[in-house]
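In: dropping the sequence and predicted coords here.
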Amino acid sequence: MTSYSGLLEGVGHPFTRNFQFIDSMKAYLSYALLLASVSSSPIILQCATENFF
């Protein structure tokens with residue numbers, strides 16, 4: 001999550017106040033984590049969770 005925070009750190013109001021964008025990003029990241037958790041490769045889950053924690 002730190003890398004995503006770094007990418008969005010310098011953006012202005014169009015992104016930080018656009019709740020549809022924020023909700024879409026939350027949904028996408030949750031879906032990506034869900035897909036990684038059911039992967040047959042444990043390394044995929046490990047890499048995905050490193051982005052969140």
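Out: Everything's here; your move.

In: so what's residue 38 scoring on pLDDT?
Out: The per-residue pLDDT reported for residue 38 equals 91.

In: how close does it sit to residue 30?
Out: Remark: distance between residue 38 and residue 30 (Cβ to Cβ, to the nearest Å) = 13 Å. Every C-beta, even on glycine, is put in place using the N, C-alpha and C of the backbone.

In: neighbour count for those two, which is higher?
Out: Between residue 38 and residue 30, counting by other Cβ atoms under 10 Å, residue 30 is the more crowded of the two (11 against 8).

In: quick check: longest helix of this protein.
Out: helix 19-37 (DSSP state H).

In: buried stuff in that helix?
Out: Neighbour counts over helix 19-37 (16 or more other Cβ atoms under 10 Å) mark residue 36 as buried.

In: next secondary structure after that helix?
Out: Next helix or strand after helix 19-37 toward the C-terminus (DSSP states H and E): helix 42-52.

In: relative to helix 19-37, how tilted is that next one?
Out: 150 degrees (axes from the mean of the first three to the mean of the last three Cα atoms, to 10 degrees).

In: helix 42-52: how far from the chain's middle?
Out: 12 Å (Cα atoms, centre = their mean, to the nearest Å).

In: show me what it is packed up against.
Out: helix 2-8, helix 19-37 (3 or more Cβ pairs under 8 Å, 6 or more residues apart in numbering; DSSP states H and E).

In: check contacts around residue 39.
Out: Neighbouring residues of residue 39 by Cβ atoms under 8 Å, 6 or more residues apart in numbering: residue 45.

In: worst mean pLDDT among the helices and strands packed on helix 42-52?
Out: For the helices and strands packed on helix 42-52, mean pLDDT drops lowest on helix 2-8, to a mean of 61.

In: how close does residue 44 sit to residue 38?
Out: Computed as Cβ to Cβ, the residue 44 to residue 38 distance reads 10 Å.

In: one step back: what's the spacing between the longest helix of the chain and its chain's center?
Out: 6 Å.

In: which helices and strands does it pack with?
Out: helix 13-16, helix 42-52.

In: need those helices in a markdown table with mean pLDDT, distance to residue 34 and mean neighbour count, can you?
Out: Formatted as a markdown table, those follow (pLDDT from 0 to 100; distance: least, Cβ to Cβ, whole Å; neighbours: other Cβ atoms under 10 Å):
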| stretch | mean pLDDT | distance to residue 34 | mean neighbour count |
| --- | --- | --- | --- |
| helix 13-16 | 73 | 24 | 10 |
| helix 42-52 | 82 | 9 | 12 |
